[in-house]
Each structure stands twice: as structure tokens, then as C-alpha cells.
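Engineer: the following comprises the amino acid sequence and a computationally predicted model.
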Amino acid sequence: MLNELNALESRIAQVVALCHELRADNDLLREQLAVVEADKQGLTVRMGAACARLEQLAEQLPEAKA
């Protein structure tokens, strides 16, 4: 009986340690996701500005004569 309780205590300790590790991993992933989302937003803004600039330049091109 004592051996079974010791084994159960050991398994519970392993589960608790795993939960702590997973929580830390989850926190790290949330931070990384926030950074990536900020980068994505910045790139979206830059891409919009580049598209607007290309459209402006395209309007300035002389039309081809057919």
C-alpha cells in the first residue's frame, strides 16, 4: 500500500512539473505570437503603402499607342 502511495505521489509530482513546463511554454508562445502579429501588422501597412505608390507610378506612365 505504501509503495502504491509513493508511486502515485511520484506520478502526481510529474504531472505538476509537466503542467508548470507547459504553462511556461504557453507563455513564451504567447509572447512570440504577439511579436509576430506586430510584425505582420507593420508589413501589412508597408505593403499597402507600396501598392499605393505603385498605383501612383502606374498612373504617371505614358499610355502605349496601339
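Structural biologist: Happy to help now that I have it. Keep in mind that what you see is a predicted model, and the values were worked out from it rather than measured. Residues are numbered from 1 along each chain as shown.
Engineer: from here on, contacts and neighbour counts on C-alpha atoms
Structural biologist: Will do.
Engineer: centre-most residue in the chain?
Structural biologist: Closest residue to the average C-alpha location of the chain: L33 at 2.5 Å, with Cα atoms, centre = their mean.
Engineer: and that one, how far is that from R11?
Structural biologist: 32 Å (Cα to Cα, to the nearest Å).
Engineer: swap in E37?
Structural biologist: Going from E37 to R11 by Cα to Cα gives 38 Å.
Engineer: ok, L61 next?
Structural biologist: Relative to R11, and taking Cα to Cα, L61 is found at 73 Å.
Engineer: stretch 57-66: how far from the chain's middle?
Structural biologist: Offset of stretch 57-66 from its chain centre (Cα atoms, centre = their mean, to the nearest Å): 42 Å.
Engineer: that one: which residues count as buried?
Structural biologist: With burial defined by 16 or more other Cα atoms under 10 Å, not one residue of stretch 57-66 is counted as buried.
Engineer: which residues of the protein fall in helices?
Structural biologist: 2-60 (DSSP state H).
Engineer: any idea of the pLDDT on A58?
Structural biologist: Per-residue confidence (pLDDT) for A58: 92.
Engineer: distance check, it against T44.
Structural biologist: Plainly put, A58 is 21 Å away from T44 if you go by Cα to Cα.
Engineer: same question, L57
Structural biologist: 20 Å.
Engineer: and for N3?
Structural biologist: On the measure of Cα to Cα, N3 and T44 end up 60 Å apart.
Engineer: one more: V16?
Structural biologist: Distance of V16 to T44, given as Cα to Cα: 41 Å.
Engineer: now do D25
Structural biologist: From D25 over to T44 the distance is 28 Å, taken as Cα to Cα.
Engineer: check A7 too.
Structural biologist: In terms of Cα to Cα, A7 sits 54 Å off from T44.
Engineer: and for E37?
Structural biologist: E37 sits 10 Å away from T44, going by Cα to Cα.
Engineer: again, but for C51
Structural biologist: Counting by Cα to Cα, the gap from C51 to T44 is 10 Å.
Engineer: also L61?
Structural biologist: As judged by Cα to Cα, L61 and T44 stand 26 Å apart.
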